[in-house]
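Asker: Fold the stuff below for me.
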Amino acid sequence: MILPEGVDSTLHLDPARVAFGDTLAGGITLPPGIGLGFLCFTNRSGSNHLADLLAASGRLNRAAEIFNAEEIIPLQQRFAFRSLGHLVGSLAQWNAVEGRFLAKLGLTHLPLLDAAGLLGPLLGHARFILIEREDKLAQAISLDIARQTRA
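Answerer: Got it, this is the predicted structure:
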């Protein structure tokens, strides 16, 4: 999968391959009646704030970056999921609110979904919310400050 220049396509993929080994790909079975949604973002765009606001309604779970290696690895170690699809299906079942499950999705997650064979099955049946920040300079400054302070 080709991503824009400067986007690390292995950021989450390589650690997930280590965690799942040969079982990274394994299909997905979403629980019946659960609608899937993605909060699509770029870093420092306000996606965490939007996730908090949507969850405050009580009608959606708080969207998390479930495709981050930092999330996948401990979950795999704790629950021994068979595949990434099994992990996603289980999280949807456990965390759905009123039949809806919302997760955050960034560019660096796409190679992972593609390698796991989930890109088509998940994206073909989901709804999307895209959050963008109009002031790109302020976003870049915010990202640089966050990197420097490790915030």
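
Asker: what separates Gly85 from Asp14, distance-wise?
Answerer: 18 Å (Cβ to Cβ, to the nearest Å). For glycine as for every other residue, the C-beta is placed from the backbone atoms N, C-alpha and C.

Asker: And for Arg82?
Answerer: From Arg82 to Asp14 the distance is 20 Å (Cβ to Cβ).

Asker: on that earlier part again, mind checking which of Gly85 and Asp14 has more residues around it?
Answerer: Between Gly85 and Asp14, counted using other Cβ atoms under 10 Å, Gly85 has the larger neighbour count: 23 against 15.

Asker: Check for me that that one belongs to a strand.
Answerer: No - read with DSSP: H, G, I helix; E, B strand; the rest coil, Gly85 is helix and lies in no strand.

Asker: Please give me every residue in contact with the closest residue to it other than its chain neighbours.
Answerer: Closest residue to Gly85 apart from its sequence neighbours, by Cβ to Cβ, 6 or more residues apart in numbering: Ile28 at 3.2 Å. Ile28 makes contact with Ser83, Leu84, Gly85, His86, Val88, Gly89, Leu118, Pro121, Leu122, according to Cβ atoms under 8 Å, 6 or more residues apart in numbering.

Asker: Flag the shaky bits of this protein, pLDDT-wise.
Answerer: Where the chain drops to pLDDT under 70, the residues are 44, 133, 136-144, 146.

Asker: Next, the buried residues of stretch 53-66.
Answerer: Residues of stretch 53-66 classed as buried: Leu54, Ala55, Leu60, Asn61, Arg62, Ala63, Ala64, Glu65, Ile66 (neighbour count, 16 or more other Cβ atoms under 10 Å).

Asker: Identify all contacting residues around that stretch.
Answerer: 37, 39, 47, 51-52, 71-72, 87-88, 91, 95-98, 100-104, 106, 109.

Asker: Just the buried residues out of those residues, in PyMOL syntax.
Answerer: Applied in PyMOL, the following selects the buried portion of the contacts of stretch 53-66 according to 16+ other Cβ under 10 Å:
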select buried, resi 37+39+47+51+71+72+87+88+91+95+96+100+101+102+103+104+106+109
